[in-house]
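**Student:** model this:
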Amino acid sequence: MKLLTIAESLGCELRGDPGIEITGVAGMEHAVPGQLTFLANPKYAHKVKHTRASAILVEKEVRDLPIASLVSSNPYLDFARALELFYQPPRPVPGIHPLAYVSESACIGENASIGPFAVVGDRVVIGRNAALYPHAVIYTGAQIGDDFTAHSHAVVREFCRIGNRVILQNGAVVGGDGFGFAKRADGTHYKIVQSGPAVIEDDVEIQCLSAIDRATVGETRVKRGAKIDNLVQVGHACVVGEDNIICAQAGLAGSSILESGVLLAGQAGISGHLTIHRGAIVYAQSGIGGDVEAGARVSGSPAFPANEWLRAVTAFPRLPELMKTVRELRKRVEELEHERGK
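**Tutor:** Below is the predicted model of the structure:
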């Protein structure tokens with residue numbers, strides 16, 4: 001594909017030879033001649049001279065590069081768009097495989113593909129263009145919109161509701177039972193029925209082996225555009241806000257509320273019954289025990305403002321030395337006071 005064709009497709013300004021033939025895309029360090037790469041942060045512009053790529057996506061601020069450039073207001077986004085010009089995941093052929101089970105009472109929209117050993121339960125409703133890969137399971141009464149994709153071993157439990165353009169990666173579970181038990185007088189545990197469905201709004205992606213638990217009463221809700229990474233736990237009755245990013249191994253205890261634009265980095269833990277307000281960032285391995293203000297950046301366990309945490313963690317390795325200094329100073333003060341008392 002000619003570089004000019006890519007520039008026109010992406011709406012980018014072309015600087016350099018429009019006739020360069022591009023055969024694929026790659027990161028700057030791994031690109032080879034014939035490939036397109038990208039520079040998302042201008043401070044790394046000095047690395048461009050070492051790339052073997054034939055062309056690069058850059059921001060307007062970066063000029064006079066040694067290779068052909070496509071100037072973009074968002075190079076990372078346009079790199080993602082360029083990737084689609086060269087690779088599209090294979091889509092299964094429409095139709096219901098003879099080894100799949102689809103209940104007679106289910107309603108499946110046109111152009112669906114349901115693979116072998118997939119199961120669609122009673123009174124399920126699925127919109128157009130669904131793709132259910134082998135061993136995907138949709139329980140009784142689930143309602144699902146258009147352009148739904150459930151990869152192998154993904155599960156949607158009973159009466160859950162899913163919007164349009166939702167993707168469940170392998171092993172994701174929507175609507176598994178919340179962790180609810182009542183303790184009897186003898187110390188044993190009585191299971192509480194989890195009656196509230198999980199609701200997944202439009203344009204959500206839930207990646208491998210993540211769990212969105214159903215609620216005891218009410219509902220658990222993941223709002224429009226949220227992206228949930230692998231091995232994430234969303235507890236019963238939680239709300240995950242619009243366009244949230246929740247990274248791998250994060251966990252939300254029950255009734256946590258995340259407003260729009262929140263980012264939880266890997267292994268963040270949310271204690272539950274609290275609110276993380278709009279646009280907050282929770283750094284990796286942080287422990288959240290109370291509300292987080294809008295736009296705040298917090299880190300540590302228990303978490304506190306990230307800029308303070310950076311200073312604290314820098315000082316932490318020096319604590320033994322500081323303690324030794326304090327003991328020596330205290331001893332010296334005691335000696336001086338003793339001398340003055342004579």
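**Student:** please enumerate the helices of the stretch 1-150 of the chain.
**Tutor:** 3-10, 75-86 (DSSP state H, counting those that start in this stretch).
**Student:** same thing with the stretch 151-300 of the chain?
**Tutor:** Going by DSSP H, counting those that start in this stretch, the stretch 151-300 of the chain shows no helices.
**Student:** and residue 312, that's in a helix?
**Tutor:** Yes: assignment of residue 312 by DSSP: H, G, I helix; E, B strand; the rest coil places it within a helix.
**Student:** surely it and residue 303 touch.
**Tutor:** No: using C-beta atoms under 8 Å, residue 312 is not in contact with residue 303; the gap is 11.7 Å. (C-beta placed from N, C-alpha, C; glycine too.)
**Student:** who's more crowded, these two?
**Tutor:** Neighbour comparison, residue 312 and residue 303: the larger count goes to residue 303, with 23 against 12 (by other C-beta atoms under 10 Å).
**Student:** quick one: pLDDT of the more buried one?
**Tutor:** With respect to pLDDT, residue 303 has a value of 91.
**Student:** cool, and residue 325?
**Tutor:** 92.
**Student:** how about it, secondary structure?
**Tutor:** Residue 325 - assigned by three-state DSSP - is helix.
**Student:** count the neighbours of it for me.
**Tutor:** 11.
**Student:** and if you look at residue 338?
**Tutor:** 9.
**Student:** check residue 186 too.
**Tutor:** Residue 186: 5 neighbours (other C-beta under 10 Å).
**Student:** torsion angles phi and psi at it?
**Tutor:** phi -90, psi 10 (degrees, to the nearest 10).
**Student:** residue 96 and residue 119: what is the separation?
**Tutor:** 12 Å (C-beta to C-beta, to the nearest Å).
**Student:** now residue 21: how far from residue 13?
**Tutor:** Distance of residue 21 to residue 13, given as C-beta to C-beta: 20 Å.
**Student:** cool, residue 292 as well?
**Tutor:** Taken as C-beta to C-beta, the span from residue 292 to residue 13 is 40 Å.
**Student:** neighbour-wise, which of the two wins?
**Tutor:** In this view residue 292 and residue 13 are compared by other C-beta under 10 Å, and residue 292 has more residues nearby, 22 against 12.
**Student:** tell me the contacts of that one?
**Tutor:** 274, 275, 276, 277, 280, 282, 298, 303 (C-beta atoms under 8 Å, 6 or more residues apart in numbering).
**Student:** how about a cut-off of 7 Å?
**Tutor:** Applying C-beta atoms under 7 Å, 6 or more residues apart in numbering to residue 292 gives the contacts 276, 277, 280, 282, 298.
**Student:** residue 76 too?
**Tutor:** Contacts of residue 76 by C-beta under 7 Å, 6+ apart are 38, 40.
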